[in-house]
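Colleague: just to be clear, the model below is a prediction. Sequence and coordinates:
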Amino acid sequence: MKKIIQLLTTVGAFALASTNAHAALVTGSITFTGGVMVEDVNGNLATDFTTATQLDFLVANILSSDGDFAVLGSSLSPPAETVTFNDFQFSPVLSPSPVDPLWAAGDFEFDLENITIESQTSGFLSLAGTGTILNAAFDDTPGTWTFSTQNTSAGGVFSFSANSTAVPEPSTYAMFGIAFLGLGLVGYRKRRAA
């Protein structure tokens with residue numbers, strides 16, 4: 001029994017040490033604003049949002065940022081960081097899929113993995129979805145994003161925000177696994193001794 005407890009203690013210590021070796025997840029949110037052309041399936045400027053199928057980004061600036069994104073600053077004059085967006089098709093399917101990256105600013109990138117059309121009326125377009133926030137100093141972090149625009153004219157204004165999302169820590173699962181393994185070993189030893 002003492003050997004089992006020592007084994008579990010050693011395995012637990014290694015599990016905790018390995019979780020400390022990983023970088024943290026990205027926290028915070030970032031909001032962009034800029035110009036976008038909303039196009040139809042033929043690549044023409046959409047006359048209203050009901051015919052829109054793709055986005056062609058013209059320019060983007062950081063409007064606000066907090067948490068780990070705060071190092072990027074905001075759209076002060078001149079902007080603290082250059083922001084690049086990649087164009088994509090959102091209807092009938094996301095293309096390319098994933099959009100890798102959807103945006104890049106400083107050392108951060110956001111890979112768009114799925115999309116949902118929240119609202120698509122003649123005068124308003126709202127999209128939402130999930131993706132992954134990437135930065136070499138952090139673990140890949142699941143994130144949510146939203147996009148909206150109200151202007152179909154060339155250079156229409158858009159707003160976009162991304163937030164990190166909470167996910168269960170892998171070390172939590174590892175600790176549950178170790179606990180169940182320990183209970184199983186104790187039960188086995190008791191049955192064997194009887």
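Modeller: Sure, I can see it. Given the structure is predicted, the values throughout are model-derived calculations rather than measurements.

Colleague: all strands of the chain, in order?
Modeller: Counting by DSSP state E, the chain has strands at residues 29-39, 54-65, 83-85, 88-89, 99-105, 108-121, 124-134, 141-149, 156-164.

Colleague: which regions of the chain sit below the pLDDT cut-off?
Modeller: Residue ranges of the chain with pLDDT under 70: 1-22, 74-81, 152-157, 159-160, 162, 165-194.

Colleague: where's Gly123 relative to Gly35, distance?
Modeller: 18 Å (C-beta to C-beta, to the nearest Å). Every residue, glycine included, has its C-beta placed from N, CA and C.

Colleague: which of these two has more residues huddled nearby?
Modeller: Counting neighbours by other C-beta atoms under 10 Å for Gly123 and for Gly35 shows that Gly35 has the greater number, 18 against 11.

Colleague: so that one makes contact with Asn61?
Modeller: No - using C-beta atoms under 8 Å, Gly35 is not in contact with Asn61, being 9.8 Å away.

Colleague: ok, back up a step: how about the strands of the chain, which one is nearest Thr47?
Modeller: Of all these, strand 29-39 sits nearest to Thr47, with 9.8 Å by C-beta to C-beta.

Colleague: so which elements touch that closest one?
Modeller: strand 54-65, strand 83-85, strand 156-164 (3 or more C-beta pairs under 8 Å, 6 or more residues apart in numbering; DSSP states H and E).

Colleague: what is the orientation angle of that strand with strand 141-149?
Modeller: On the basis of axes from the mean of the first three to the mean of the last three C-alpha atoms, to 10 degrees, strand 29-39 is oriented at 50 degrees to strand 141-149.
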